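*Asks:* Turn this into a model:
(one chain, ligands or ions: 1)
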Amino acid sequence: MPAVGRGFIVCIAVVVPALLVRALAAPDSVAQGRDKFVQCAACHGSDGRSTVIPQYPKIAGQSGPYVINALKAYRDGRRQGTYAAIMTAVAKPLSDDDIANLAAYIESLDTVQ
Ligand code: HEC
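*Replies:* Below you'll find the model as predicted:
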């Protein structure tokens with residue numbers, strides 16, 4: 001077998017399982033995030049779009065990395081102000097895993113109308 005062919009097979013052998021692991025891990029994270037989102041719905045709406053008051057942001061479909069940064073910044077007191085204080089209280093008890101799962105769920109909401 002030519003060297004290029006072997007390289008291709010090695011590549012497939014490494015990449016395909018890695019993609020499968022990603023595909024299997026993602027829905028689990030989204031499902032756990034959905035469970036956790038119950039406590040967020042009071043202010044951000046169960047769909048992440050219908051806020052209780054206009055000062056509360058719509059967050060459905062926001063990018064995962066942005067949500068992770070935002071929640072960690074609230075939790076660590078790096079985002080401040082009257083409304084940020086509300087989120088600091090919410091984010092304090094969240095673990096890094098909780099935040100990752102919530103971010104996965106929030107990001108997934110852009111496909112839900
Ligand atoms: C008591 C009301 C309340 C609850 C409950 C709440 N939030 Fe918030 N959330 C807010 C407010 C108010 C802001 C805007 C804060 C600011 O001005 O920085 C906000 C901001 C955010 C932001 C930043 C949005 C942006 O565009 O930067 C994210 C992300 C977020 N919330 C996620 C969550 C998640 C996830 C939960 C549940 C774990 C949650 N929130 C629960 C009121 C709430």
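*Asks:* My read is that L71 contacts K92, right?
*Replies:* No: the criterion here is C-beta atoms under 8 Å, and L71 misses it with K92 at 10.4 Å. Backbone N, C-alpha and C define where each C-beta goes, glycine included.
*Asks:* Between the two, which has more neighbouring residues?
*Replies:* The neighbour comparison of L71 against K92 (other C-beta atoms under 10 Å) goes to L71, with 22 against 11.
*Asks:* Give me the nearest residue to that one, chain neighbours excluded.
*Replies:* Nearest residue to L71 in three dimensions, chain neighbours excluded: I99, at 4.7 Å (C-beta to C-beta, 6 or more residues apart in numbering).
*Asks:* give the contact list for the one you found.
*Replies:* 67-68, 71-72, 75, 91 (C-beta atoms under 8 Å, 6 or more residues apart in numbering).
*Asks:* Under a three-state scheme, what state does it occupy?
*Replies:* Following DSSP: H, G, I helix; E, B strand; the rest coil, the label given to I99 is helix.
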